[in-house]
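Undergrad: based on what follows, work out the 3D shape:
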Amino acid sequence: MNNSILEYFVCPVCKKSLQCRQNCDIIETGVLFCSECGRDYPVIRGIPRLLPDSLMPILAEQLSEDFSSFSFSYPIKKRNYRSDFETDDFIKKQISTMTAFGYEWNQFTEFTKEFTHNEYIRTLSPFPPDIVKNKIVLEAGTGAGIFIDWFDHYDASHIFGMNLGLDVESVNKKTSHLNTVTIVQGDIFHLPFADKKIDFVISHGVIHHLPNPEKGFQKLIPAVKDRGEIFIWVYGKDPIVPIIELLRKILHKIPKSITKTLSWFFALTLLFLKIVYLALNKIPGCKKLAKQVPYKQYAVRSFREMQCTIMDKLFVPVVNYYDKPELESWFKSAGLKNISITSRDGNSWSCYGIK
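TA: Have a look, this model is predicted:
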């Protein structure tokens, strides 16, 4: 972590500025502390770990060896502040999501440039891919980090990539060659970013996995500068959703060590549809029929990328689906202007607004 970007961070609990105990330009291992509430946060492998009280003990267990080297002024065991919306059920879902995606994105780390660029272009459509040019970008939920290279390619001035779980480890390694990138472990509901510092906030495929999606969306707004932009991509409602949900409610409880194998078998369905779609496209007079093949958009993906898609839909604890009026109401209630809610593939939504 570069010390020069410390001005962008705040304590996720009291929202006051953070300071560093070390006087150096690059912080690989260290502590950031809040002079207001006394909480301190570790920087481990160059990643600031800025989680709220409800999740910090979980991280301390997951990285027990790393945490043992720190002497915290504010003991982890005494961090018990809860926001009014953090019920036991809410926190349980947050921990499950943190664990599920931490596992998934450390398992699926490599994607083809063709796939990542195609996904980037399709997600941001109808906006140009260089919408991030010369802007400070926050990606709230990077997943495997498939967009970060493209933010850099299209000349974003700086990119903050934030994940809730230990998937920050793989993303940090993947982006270590980019001087314009800072990876942060943080929570959307307790956003560790100062108000009005970010030009462009994007959350791709994340909001619909939150225990309270609308509140999560609302928590992103303060970080955006006046006249800055926010963009989210979320699942839409389609006829197959009830079937997916029936399977997910059973499958997400399965041990993580088994889910990878099961996702391989489910991905065979997408592979079959890909083969049918590509075959029909090659047969004269069958192109109209090819367009009727469900999930044909996945035809550009490798089998491993399809497997990852299955993991994302069937083996996670929380998924929500939306229609256009509901999303429009979010953006209008937030006071955003120039609102655009665009359908992608008929089963998801790309949503944009200006603060």
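
Undergrad: show me what the one helix or strand G353 maps to is packed up against.
TA: G353 is part of strand 348-354, with elements assigned from DSSP states H and E. Helices and strands touching strand 348-354, by 3 or more Cβ pairs under 8 Å, 6 or more residues apart in numbering; DSSP states H and E, are strand 224-235, helix 324-333, strand 337-344. From N, CA and C alone the C-beta is placed, and that goes for glycine too.

Undergrad: out of the ones you listed, nearest to G145?
TA: strand 224-235 (15.6 Å; Cβ to Cβ).

Undergrad: show me the strands paired with the closest one, marking each as parallel or antiparallel.
TA: strand 198-204 (parallel), strand 348-354 (antiparallel) (DSSP bridges).

Undergrad: what are the buried residues along the last one?
TA: In this case it means strand 348-354. Across strand 348-354, burial judged by 16 or more other Cβ atoms under 10 Å covers S348, W349, S350, C351, Y352, G353.

Undergrad: check contacts around the first one.
TA: Just to be clear, that refers to S348. Contact analysis of S348 by Cβ atoms under 8 Å, 6 or more residues apart in numbering lists W233, V234, Y235, G236.

Undergrad: of those, which is the nearest to R227?
TA: Distances from R227 to those, taken by Cβ to Cβ, are shortest for W233, at 21.9 Å.

Undergrad: residues near that closest one, how many?
TA: If you count neighbours by other Cβ atoms under 10 Å, W233 ends up with 22.

Undergrad: what's the closest non-adjacent residue to it?
TA: Take W233 and drop its neighbours on the chain: the residue closest to it by Cβ to Cβ, 6 or more residues apart in numbering is H204, 4.7 Å away.

Undergrad: give me the neighbour count for the one you found.
TA: 21.

Undergrad: distance of it relative to I258?
TA: The gap separating H204 from I258 is 27 Å, by Cβ to Cβ, to the nearest Å.

Undergrad: what does L336 give?
TA: From L336 to I258 the distance is 42 Å (Cβ to Cβ).

Undergrad: more neighbours: which of those two?
TA: With neighbours defined as other Cβ under 10 Å, L336 and I258 compare such that L336 has more, 18 against 11.

Undergrad: what sits closest to the more buried one if chain neighbours are left out?
TA: Per Cβ to Cβ, 6+ apart, closest to L336 is G353, 3.1 Å.

Undergrad: do D195 as well
TA: That would be P222: by Cβ to Cβ, 6+ apart, it lies 4.6 Å from D195.

Undergrad: contacts only, for that neighbour.
TA: Per Cβ under 8 Å, 6+ apart, neighbours of P222: L191, D195, K196.

Undergrad: now do L138
TA: By Cβ under 8 Å, 6+ apart, the neighbours of L138 are I159, F160, M162, F193, I198, F200, V201, I202, A223.

Undergrad: take the residues you listed and lay them out in JSON lines including distance to H252.
TA: Formatted as JSON lines, the contacts of L138 follow (distance: Cβ to Cβ, whole Å):
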{"residue": "I159", "distance to H252": "30"}
{"residue": "F160", "distance to H252": "29"}
{"residue": "M162", "distance to H252": "23"}
{"residue": "F193", "distance to H252": "30"}
{"residue": "I198", "distance to H252": "32"}
{"residue": "F200", "distance to H252": "32"}
{"residue": "V201", "distance to H252": "28"}
{"residue": "I202", "distance to H252": "26"}
{"residue": "A223", "distance to H252": "30"}
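
Undergrad: if any of these are buried, put those into a ChimeraX selection.
TA: In ChimeraX, this line selects whichever of the contacts of L138 come out buried by 16+ other Cβ under 10 Å:
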select :159,160,162,193,198,200,201,202,223
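
Undergrad: JSON lines please, covering the buried residues of strand 348-354 and showing distance to Q292 and pLDDT.
TA: Listed next are those as JSON lines, based on distance: Cβ to Cβ, whole Å; pLDDT from 0 to 100:
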{"residue": "S348", "distance to Q292": "19", "pLDDT": "92"}
{"residue": "W349", "distance to Q292": "22", "pLDDT": "96"}
{"residue": "S350", "distance to Q292": "23", "pLDDT": "96"}
{"residue": "C351", "distance to Q292": "27", "pLDDT": "97"}
{"residue": "Y352", "distance to Q292": "30", "pLDDT": "98"}
{"residue": "G353", "distance to Q292": "34", "pLDDT": "98"}
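
Undergrad: how about the residue nearest the centre of the chain: what's its closest non-neighbour residue?
TA: Centroid-nearest residue in the chain: G141, 1.6 Å away (criterion: Cα atoms, centre = their mean). Nearest non-adjacent residue to G141, counting by Cβ to Cβ, 6+ apart: V206, 3.1 Å away.

Undergrad: my read: that neighbour touches I188, true?
TA: Yes: at 7.3 Å, V206 and I188 qualify as touching, with contact defined as Cβ atoms under 8 Å.

Undergrad: out of the two, which sits in the busier spot?
TA: Neighbours of V206 and I188, each counted by other Cβ under 10 Å, are more numerous for V206; the result is 25 against 22.

Undergrad: ramachandran angles for that one?
TA: phi -120, psi -50 (degrees, to the nearest 10).

Undergrad: OK, contacts around it?
TA: A140, G141, G143, I188, I232.

Undergrad: how many neighbours does D226 have?
TA: 7.

Undergrad: L210 too?
TA: 24.
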